[in-house]
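K.L.:
Okay, here's the prediction I keep looking at, along with the sequence it came from:
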Amino acid sequence: MNARILNRDFQHPADGWYHIEPAGEHPNSQAGVVQVIDGEATTSIVNRFNAAADAGQLPHGNEMLIDHEHFSHDAEQETRAFGWLTRLQNRQDGIYGQVRWTTTGKAAVDGGDYRFFSTEYDPEDLAILNRSSPKKVRPLALSGLTLTNRPNNKGARPITNRDPNTLPDNPANLPARSQADTKNKMKLIASKLGLSADASEEGILGEIDKLLNRANGATQVTTERDALKNRVTELVEANKTLATEQCEALMDAHGIAADDKVRNRLLPVLAGLKNRAERIETLADFGYEPGKPAEAAETRTTQTQLRNRDGKAPNKGKTEQSPNSAGEQQKAQKIMNRASELRKQQPGLSHPTAVIMAQREIEGE
């Protein structure tokens with residue numbers, strides 16, 4: 001069978017951008033977390049990747065290796081490149097990327113051997129969003145990309161689609177019965193438009209043009225308002241990014257280590273404050289001073305890299321977890337419960353002070 005003929009059935013995106021990560025919340029049963037791919041996540045992932053690519057700071061310089069089935073993490077497997085990711089773009093339905101395919105990769109996707117991507121995120125690039133179960137995390141930087149047919153994060157567009165000339169929705173390819181169904185649908189459309197069921201195609205299109213013209217007139221009235229709304233959204237996202245960067249810088253200056261679990265707990269608290277002065281005051285309430293290390297550094301909840309391919313992990317299904325993770329979660333919950341009790345008993349007590357008092361009381365047991 002001629003492979004060249006088979007390859008004609010699959011077409012790459014016309015604009016050269018591939019959907020590598022769908023927006024939404026995606027449970028990862030292997031790591032025991034739910035990944036939140038929202039606007040903040042996609043903005044961070046895209047900006048950090050493009051900045052690293054421009055600076056030549058990716059593991060392979062200006063490009064990221066695309067392997068298959070996460071093989072590059074297994075010492076017993078090959079590390080052959082199927083492609084090289086060169087650029088990311090943020091869109092409403094997720095993250096898109098530009099790919100420079102290798103000979104091996106092009107043959108695999110042209111022939112339909114691989115249809116989807118699976119992303120990878122390192123633990124240090126995950127922001128923990130809650131303390132309840134299931135744990136929710138927000139990825140902030142892409143650490144790897146692989147080809148798979150079993151993606152964990154559902155909703156992405158296939159890498160290649162079938163040629164529209166071979167699909168059944170092309171009238172030339174419809175059987176006689178389907179063509180009759182199409183005619184019946186056209187009659188229904190004509191009736192909905194207030195025309196006779198036997199109206200010509202030109203008549204139907206003319207009525208549709210009238211409706212479109214009315215819609216366009218309404219659209220012009222709201223264009224400026226929509227533009228202002230979009231600008232406000234952009235400014236809000238930019239402010240969130242700046243606030244997060246300032247919080248990260250303040251925690252660095254106060255000696256809170258990057259791998260400290262306290263850092264993840266403090267980030268949403270600090271980001272919700274009004275300004276830098278309030279953030280510094282809160283850090284002082286927690287006992288942190290500029291240039292001094294944290295008193296008690298904790299490990300992150302997620303100890304293994306998130307690999308978003310559905311199925312068993314390379315370590316035969318065993319998920320690496322911190323032996324103290326359950327105890328730490330219980331302890332943290334106990335501290336927060338006690339802090340709430342203290343604030344009820346002493347209404348003038350600030351939240352940071354109550355947490356510190358509760359932590360000292362429980363850890364002194």
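P.N.:
Right, received. Where do you want to start?
K.L.:
Chain neighbours aside, what residue packs nearest to residue 159?
P.N.:
Computed as C-beta to C-beta, 6 or more residues apart in numbering, the closest residue to residue 159 that is not its neighbour in sequence is residue 109, at 5.0 Å. For the C-beta atoms, the positions are set from N, CA and C on the backbone; glycine is no exception.
K.L.:
List phi and psi for the one you found.
P.N.:
Here the main-chain torsion angles of residue 109 (degrees, to the nearest 10) amount to phi -90, psi -30.
K.L.:
residues near it, how many?
P.N.:
If you count neighbours by other C-beta atoms under 10 Å, residue 109 ends up with 22.
K.L.:
Equivalent analysis for residue 361, please.
P.N.:
Residue 361 has 13 nearby residues by other C-beta under 10 Å.
K.L.:
That one contacts residue 339, correct?
P.N.:
No - the pair residue 361 / residue 339 is not scored as a contact, 9.6 Å apart, by C-beta atoms under 8 Å.
K.L.:
Distance of residue 262 relative to residue 285?
P.N.:
Counting by C-beta to C-beta, to the nearest Å, the gap from residue 262 to residue 285 is 13 Å.
K.L.:
Of those two, which one has the most company?
P.N.:
Comparing residue 262 with residue 285 by other C-beta under 10 Å, the one with more neighbours is residue 262, at 18 against 15.
K.L.:
Do a quick rundown of the helices in this protein.
P.N.:
For the chain, the helices defined by DSSP state H occupy 3-7, 39-55, 103-110, 176-192, 201-253, 261-271, 276-285, 325-345, 351-363.
K.L.:
Export those as JSON lines, with columns for mean pLDDT.
P.N.:
As requested, these are exported to JSON lines (pLDDT from 0 to 100):
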{"stretch": "helix 3-7", "mean pLDDT": "34"}
{"stretch": "helix 39-55", "mean pLDDT": "96"}
{"stretch": "helix 103-110", "mean pLDDT": "92"}
{"stretch": "helix 176-192", "mean pLDDT": "69"}
{"stretch": "helix 201-253", "mean pLDDT": "79"}
{"stretch": "helix 261-271", "mean pLDDT": "78"}
{"stretch": "helix 276-285", "mean pLDDT": "85"}
{"stretch": "helix 325-345", "mean pLDDT": "76"}
{"stretch": "helix 351-363", "mean pLDDT": "79"}
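K.L.:
out of those helices, nearest to residue 62?
P.N.:
Taking C-beta to C-beta as the criterion, helix 39-55 is the member of those that comes nearest to residue 62, at 5.1 Å.
K.L.:
In CSV, list the helices of the chain along with distance to residue 159.
P.N.:
Rendered in CSV, the data for these read as follows (distance: least, C-beta to C-beta, whole Å):
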stretch, distance to residue 159
helix 3-7, 13
helix 39-55, 19
helix 103-110, 5
helix 176-192, 29
helix 201-253, 28
helix 261-271, 34
helix 276-285, 43
helix 325-345, 36
helix 351-363, 48
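K.L.:
my guess is residue 193 meets residue 206, correct?
P.N.:
No - contact criterion C-beta under 8 Å: residue 193 and residue 206 do not qualify, at 9.6 Å.
K.L.:
contacting residues around residue 211?
P.N.:
Remark: with contacts taken as C-beta atoms under 8 Å, 6 or more residues apart in numbering, residue 211 is in contact with residue 193.
K.L.:
try residue 13
P.N.:
Neighbouring residues of residue 13 by C-beta under 8 Å, 6+ apart: residue 157.
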